[in-house]
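[1] the sequence and its predicted three-dimensional model are supplied below.
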Amino acid sequence: MSKETDNILTIENLKTYFQVGKVKGKTVHVRAVDGVSLSIKKGEVMGLVGESGSGKSTLAYTVMGMYPPTEGKITFKGEDISAGSSRRPLDVKKDMQIVFQDPGSSLNPHQNIKQILELPLKVHGIVKKEEMEKRVTQILRTVELSPAYMYKTPGSMGGGERQMISIARALATDPSFVILDEPTSALDVSIQAKIINMLLRLQEKNNLTYLFITHDLSLMRNIATRVAIMYLGKICEMASTHEFFETPYHPYTKMLLSSIPVVSVEEEKLRPEKVTSTGEIPSPTNIPTGCSFHLRCPNKMDLCTYDDPVMTEVTPGHYVRCHLYNKEEAGDAV
Amino acid sequence: MDAKIQRTEIIVPSPAARLKEGFRKNWYKFSRNKLSIAGLVIVLSIIVVAILAPYVAPYPKHAGKFVDYVNANQGPSAAHFFGTDNFGRDVLSRIIFAFRGALLMGIMVLAIAVPVGVFFGLLAGYYQGSFLDTFIMRITDIFLSVPPLLLALAIAAVLEPNLTNAMIAVTVMWWPWYTRLVYGMATSLKNEYFVTSAELVGAGRFHILFREILPNCLSPIFTKMALDVGWVILIGASLSFVGLGEQPPTPALGQMVSDGTRYMPDLWWMTVYPSLAIAVIILGFNMLGDGIRDMMSKGEHDRG
């Protein structure tokens, strides 16, 4: 599978720490992203799920260059872009876009939609001045908004419309890779569906690659081609969507999947065995030793309390970071 | 596709219509408080009178070198509404000409102090945590730690006493307030996602500072400006009171009050009328400033 298409984005052992203060002379770090390796292939919709505070947004922001990585390497189309966004070449900025979660603060309230959508066009010199209005109209059409929106301000629009403008802005430079940071979580359900459908249509039409961040697992099942799950800054399990939902390996994945509320009988059948969720995600300033999940894990072994498991490919394309599936080590431990 | 395009009705209001609509809305907010209108009337009349001073003043010549001992020390009368001073000059005419200096002071000081202060505030706020931030803000702190009038007095005293130098003195003490105001807003605005978006798409620093951040700071800046004009005039009058402003024979409000005090209480009109003029001009600007603040504030329901 990996040989068919090239990786558009490769993340190797990425770490993003934030210094939050000093306790007894030692600096305390929030280990928001703590050694993530991930590769995204061209044309796929990579789903990234995780609880609040698991570091999924930080991962996205680090990839975009908003935070300098503490360690690790980010490669985009074969180019090393580990440096912060200010040191990235303009064409990388053009090719990579992000849609933020909160449509309220991602659009400048003192600009009208035309000004907002013009900015990427101007910065990258995509169209001439005379054609600007025509192009903005075109961009608005791609997100199914009427050109009448051109002179509206974000304040006079609803959340869904604002999010469409955010998406339109991200697509204005004709990027190949778009990060969607919970693009629908601030919107009501009917608009969510509309936006998701639009995103998928645009993905197909423009041959886009998405990194789709959400905490909504049922949404993942419908749109992602591959899913990765994050816990305390690390990826626990990564598999194609089908495998991920059919045969989850990691106890955390099982716990999350069994907590999705179901409505119909068919959905009930799809549920894995019931695992009750216990506890809460620990503070990223004080990550437990060993496997970070061992405090909440129903299958905890002694090994888990002191040894951090490594990512293992259990079946082709299905990666798990858990001692239960690490055959060589599991032999010693049991 | 073509048919669809034609069906879509493009309702784009003309710029003139949008301007008119904005004006109507702002006027409504402004005019809800009758004091704001009173302030506007006072300020506009003072401005008109000051501009047309040579035509409206009863004795325009009395604003320059002029001596008429025959008519000196006269109390208010039909010929001299506000009386005449110890040189026989008409107090009303001199007040009208003094408005010119006072207004010039208020306008020039803010016209220089505000852009400078705002620029440094934006810069320091956007580069929060950098050396530039520390450098600008510590200098600002030094200026703010000295009592404003003292600072202005000190600067004006070093320079040759005239209106220009008084304006320089007040400008130097005034810009840090704007730096501080904008700094606070810029530090929070720079973390807004719309600023991040602009950064990520590759927009230049100029665009980010002046097109993304600055427009969001404007309404507090204008509000502060509107309220500050009165205070600048007051500080200007204080400087001129101690002899550091406009020099005689050109009239200045503070200087006239100060001259009059030597003849109190006999020639009370020499002091009282210029003082009232100071009070009226400051009151006018402050009431106008309140109105502008109402106009600028977004929340419609947060005031009683």
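    Right, received. Where do you want to start? Remember, predicted model here, so these are calculated numbers, not experimental data.
[2] what is the biggest helix by length in chain A packed up against?
    Identified as the longest helix of chain A according to DSSP state H is helix A:189-206. With contacts taken as 3 or more Cβ pairs under 8 Å, 6 or more residues apart in numbering or on different chains; DSSP states H and E, helix A:189-206 sits against helix A:159-171, helix A:217-223. (C-beta placed from N, C-alpha, C; glycine too.)
[3] pick the most buried one from these.
    helix A:159-171 (a mean of 23; mean count of other Cβ atoms under 10 Å in any protein chain shown).
[4] helices or strands up against that one?
    Against helix A:159-171 (3+ Cβ pairs under 8 Å, 6+ apart) you get strand A:96-99, helix A:113-123, helix A:132-142, helix A:189-206.
[5] out of these, which is the most enclosed?
    strand A:96-99 (a mean of 27).
[6] give me the contacts around that one.
    A:60, A:63-64, A:76, A:106, A:163, A:166-167, A:169-171, A:173, A:175-181, A:183, B:197, B:200-201 (Cβ atoms under 8 Å, 6 or more residues apart in numbering or on different chains).
[7] got a PyMOL select line for the buried ones in the residues you listed?
    Of the contacts of strand A:96-99, the buried ones can be selected in PyMOL as follows, counting by 16 or more other Cβ atoms under 10 Å in any protein chain shown:
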select buried, (chain A and resi 60+63+64+76+106+163+166+167+169+170+171+173+175+176+177+178+179+180+181+183) or (chain B and resi 197+200+201)
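[8] which ones among the contacts of strand A:96-99 lie within strands?
    Using DSSP state E, the members of these that fall in strands are A:76, A:177, A:178, A:179, A:180, A:181.
[9] hey, what's the first one bridged with?
    According to DSSP bridges, the partner residues bridging residue A:76 are residue A:9, residue A:79.
[10] secondary structure element for residue A:49?
    Per DSSP states H and E, residue A:49 falls inside strand A:45-50.
[11] partners of that strand in the sheet?
    strand A:209-214 (parallel), strand A:226-231 (parallel).
[12] any stretches of the stretch 1-150 of chain B with poor pLDDT?
    B:1-13 (pLDDT under 70).
[13] distance of residue B:266 relative to residue B:258?
    From residue B:266 across to residue B:258, the span is 16 Å (Cβ to Cβ, to the nearest Å).
[14] quick check: which element contains residue A:20?
    strand A:7-23.
[15] tell me what that strand is packed against?
    For strand A:7-23, the packing partners by 3+ Cβ pairs under 8 Å, 6+ apart are strand A:26-41, helix A:56-64, strand A:71-76, strand A:209-214.
[16] for the record, mean pLDDT for the longest one?
    Right, the one you point to is strand A:26-41. Mean pLDDT, strand A:26-41: 86.
[17] which parts of that strand are buried?
    Those would be A:29-41, for strand A:26-41 by 16+ other Cβ under 10 Å.
[18] looking at the stretch 201-304 of chain B, which residue is nearest chain A?
    Per Cβ to the nearest Cβ, residue B:215 is where the stretch 201-304 of chain B lies closest to chain A, at 3.7 Å.
[19] returning to that earlier point: which one of residue B:266 and residue B:258 has more residues nearby?
    residue B:258 (18 against 9; other Cβ atoms under 10 Å in any protein chain shown).
[20] state the helix or strand in which that one lies.
    Following DSSP H and E, the helix or strand that holds residue B:258 is helix B:253-261.
[21] that helix: how far from the chain's middle?
    22 Å (Cα atoms, centre = their mean, to the nearest Å).
[22] contacts for it?
    B:85-86, B:91, B:94-95, B:98-99, B:101-102, B:236-243, B:245-248, B:267-272, B:274-275, B:277-278, B:281.
[23] mind listing what's buried in that helix?
    For helix B:253-261, using 16+ other Cβ under 10 Å, the buried residues are B:253, B:254, B:255, B:256, B:257, B:258, B:259, B:260.
[24] list the residues that contact the nearest residue to residue B:80 once chain neighbours are set aside.
    Leaving aside its chain neighbours, residue B:80 sits nearest to residue B:90 (5.1 Å; criterion: Cβ to Cβ, 6 or more residues apart in numbering or on different chains). Going by Cβ under 8 Å, 6+ apart, residue B:90 touches B:57, B:58, B:59, B:62, B:80, B:82, B:84.
[25] any idea how far residue B:261 is from residue B:90?
    Separation of residue B:90 from residue B:261 (Cβ to Cβ) stands at 19 Å.
[26] and what of residue A:130?
    Note on residue A:130: its distance to residue B:261, by Cβ to Cβ, is 68 Å.
[27] poorly predicted segments of the stretch 201-334 of chain A, please.
    Using pLDDT under 70, the stretch 201-334 of chain A drops low at A:267-275, A:277, A:326-334.
[28] what residues does chain A put near chain B?
    Residues of chain A lying close to chain B by Cβ under 8 Å from any Cβ of the partner chain are A:64-66, A:85-86, A:90, A:93-94, A:97-98, A:100, A:102, A:105-111, A:119-120, A:123-124, A:146-148, A:150-151, A:169, A:173.
[29] in PyMOL, select just the buried ones from the residues you listed.
    Buried subset of the residues of chain A next to chain B, written as a PyMOL selection, criterion 16+ other Cβ under 10 Å:
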select buried, chain A and resi 64+65+66+85+93+94+97+98+100+102+105+106+107+108+110+111+119+120+123+124+147+150+151+169+173
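[30] count of neighbours near residue A:21?
    Residue A:21, neighbours per other Cβ under 10 Å, totals 10.
[31] residues in contact with it?
    So residue A:21 contacts A:27, A:28 (Cβ under 8 Å, 6+ apart).
[32] now do residue B:83
    Contacts of residue B:83 by Cβ under 8 Å, 6+ apart are B:74, B:75, B:76, B:77, B:91, B:267, B:269, B:270, B:273.
[33] grab the nearest non-local neighbour of it.
    Residue B:83's closest residue in space is residue B:269 (Cβ to Cβ, 6+ apart), at 3.7 Å.
[34] hmm, residue B:82 and the one you found touching each other?
    Yes: look at residue B:269 against residue B:82 with Cβ atoms under 8 Å: they come within range, at 5.6 Å.
[35] overlap of the contact sets of the two?
    By Cβ under 8 Å, 6+ apart, the residues touching both residue B:269 and residue B:82 are B:76, B:91.
[36] okay, helices next: where are they in the stretch 101-250 of chain B?
    Assigned by DSSP state H, counting those that start in this stretch, the helices in the stretch 101-250 of chain B fall at B:131-145, B:148-158, B:163-189, B:193-201, B:205-207, B:214-241.
[37] how far off helix B:253-261 does the longest one point, in degrees?
    Spelled out, it's helix B:214-241. 20 degrees (axes from the mean of the first three to the mean of the last three Cα atoms, to 10 degrees).
[38] so which elements touch helix B:214-241?
    Using 3+ Cβ pairs under 8 Å, 6+ apart: helix B:214-241 touches helix B:91-126, helix B:148-158, helix B:163-189, helix B:253-261, helix B:269-296.
[39] for the stretch 101-250 of chain B, which residues are neighbours of chain A?
    Counting by Cβ under 8 Å from any Cβ, the stretch 101-250 of chain B sits next to chain A at B:192-194, B:196-204, B:207, B:211-212, B:215-216, B:218.
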